[in-house]
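In: What follows is a predicted protein model with its sequence.
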Amino acid sequence: MTTAKPATSLTLDDIKLGDLELWMRPDREGIFAKLRDEAPVSFHAEPTFEPPEGEELMFTVPEGKGFWAVTRFDDVMAVSRDPETFHSAPSVNIGDIPPEIAEWLGSMINMDAPKHTKMRLIVNRGFTPRQVARIEDSVRKEARDIVDRVAPLGECDFVSEIAAALPLQIICDMLGIPREDCRRIFELTNVILGVGDPEYVSSAQDLMGAGMELFQYGLALAEDRLANPRDDITTALMQAEVEDEDGRHRLSTSELGSFFLLLVVAGNETTRNAISHGMLALTQHPDQRKIWMDDFDRVSPTAVEEIVRWASPVIHFRRTAQRDTTIGHEQIAEGDKVVMFYNSANRDERKFADPYSFDVRREPNEHVGFGAGGPHFCLGANLARREIKVMFEELLHRLPDIHISGDPDMLQSAFIHGIKRMPCRFTPVGE
């Protein structure tokens, strides 16, 4: 059965993607459908950050000149796969990184070749399919432990007790973070990706403090592993070398600190939101849940990809044009900001048949939930797929009637498609 295409009452002139209020509207899917049809590449004013009354900013936020919103699948792919024309530096966020924080936030996600290439060659060592396969037992054990904890309860908050617990613990274990520190890591990542949501970020000091605390933690971890090597990715990254025409290279402790900040944020938040949105979708589409459960192993590869497409945990990333060019029928000037909206590309009717239907057997499914290809394709994609599959395998087999029992409390964000909390219920198992 085909799902109707959503609509909006807004005119094109009313659609201002830089306004946070727009992202809280119930017709957001209709807004992007209208943009794809009538203005697939459109220009918007940038978001502005106004500190609360009486608060002084700890850093200067440069006033932005606006950005181009790219909403169709093919255009998003074209931008992502042309790193010579569209650079990731100085920032993949719409606003430029203030110089005061660029040094510790300047991880490889904000880099271009050749520096990005060197960094990626080093950190790739920890995220190959072979390396991810090595931690299969850890993922399975952690997922089982999570279900063991909640099974006797009969109900819980799905996000904090289930969805967030698995990726958080796995990435902390991989990096060698002590278990007693994991809760603090979780709280800090919520702040960093909670910009726009007053529950997590009430001041610029909150954001700066969380980012600096995570960076300093990563820096200390890197320095410790140089002196006391262990069997974890932090040690492997500090010891790994790559050779090119300029000689042999290792990560500095400062580079590892920046990468650590990126890794714990991306490795925790995005997979947790995919799992959360996946459970909500399975509750809302019981026919698809039955299809998956009736042949779990065979359907799992397509089901996992559909969950990532459906969730689109990261809404957008920005690039900066290095020369005058065109996207669609629009003229893009050198220096212009170009923002790829992955959420919109993943609902593009030109690419996906019936894109507003949740279909666990969808094939083909070349979504952009892990990025749209090119040098910045998600390093943790293989790990995320493994975590999603194993978590749902444990949940659906051991708690077969688990379902979302109330409305999700959505993150107020134009960057992360997040769910803060969401109740679930199931028949208690064991005591």
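Out: Structure's in. What do you need?
In: Run a quick neighbour tally on residue 297.
Out: Neighbours of residue 297 under the rule other C-beta atoms under 10 Å: 8. C-betas here are computed from N, CA, C, even on glycine.
In: so it sits in a helix?
Out: Yes. Under DSSP: H, G, I helix; E, B strand; the rest coil, residue 297 falls within a helix.
In: Please report how far it lies from residue 304.
Out: 12 Å (C-beta to C-beta, to the nearest Å).
In: Mutual contacts of those two, please.
Out: Counting by C-beta atoms under 8 Å, 6 or more residues apart in numbering, residue 297 and residue 304 have no contacts in common.
In: Which residue ranges make up each domain of the protein?
Out: 1-11+19-40, 97-310+380-425 (automatic domain parsing).
In: JSON lines for the ones you listed, including mean pLDDT and distance to residue 322?
Out: Formatted as JSON lines, these follow (pLDDT from 0 to 100; distance: least, C-beta to C-beta, whole Å):
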{"stretch": "domain 1-11+19-40", "mean pLDDT": "94", "distance to residue 322": "22"}
{"stretch": "domain 97-310+380-425", "mean pLDDT": "88", "distance to residue 322": "9"}
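In: what's the most buried one of those domains?
Out: domain 97-310+380-425 (a mean of 18; mean count of other C-beta atoms under 10 Å).
In: Run the chain-centre distance for that domain.
Out: Remark: domain 97-310+380-425 is offset 8 Å from the chain centroid, using C-alpha atoms, centre = their mean, to the nearest Å.
In: I'd like to know which of the domains of the chain is closest to residue 367.
Out: With C-beta to C-beta as the criterion, residue 367 lies closest to domain 97-310+380-425 of those, at 3.6 Å.
In: And the closest one, end to end?
Out: 42 Å (C-alpha to C-alpha, to the nearest Å).
In: Equivalent analysis for stretch 75-88, please.
Out: Counting by C-alpha to C-alpha, you get 16 Å between the two ends of stretch 75-88.
In: With stretch 278-296 instead?
Out: End-to-end distance (C-alpha to C-alpha), stretch 278-296: 15 Å.
In: same question, stretch 21-36
Out: 20 Å.
In: Run through who's touching that stretch.
Out: Applying C-beta under 8 Å, 6+ apart, the set of residues contacting stretch 21-36 from outside is 5-10, 12, 15-16, 42, 69, 71-72, 196, 341, 343-344, 347-350, 356, 412-414.
In: And the strands in the stretch 301-431 of the chain?
Out: For the stretch 301-431 of the chain, the strands defined by DSSP state E, counting those that start in this stretch cover 316-321, 325-327, 330-332, 337-341, 403-404, 409-410, 419-421, 423-425.
In: Which strands or helices does the longest one pack on?
Out: Contacting strand 316-321 under the criterion 3 or more C-beta pairs under 8 Å, 6 or more residues apart in numbering; DSSP states H and E are the following elements: strand 86-87, strand 337-341, helix 342-345.
In: again with the fourth one
Out: Contacts defined by 3+ C-beta pairs under 8 Å, 6+ apart place strand 337-341 against strand 67-70, helix 73-80, strand 316-321.
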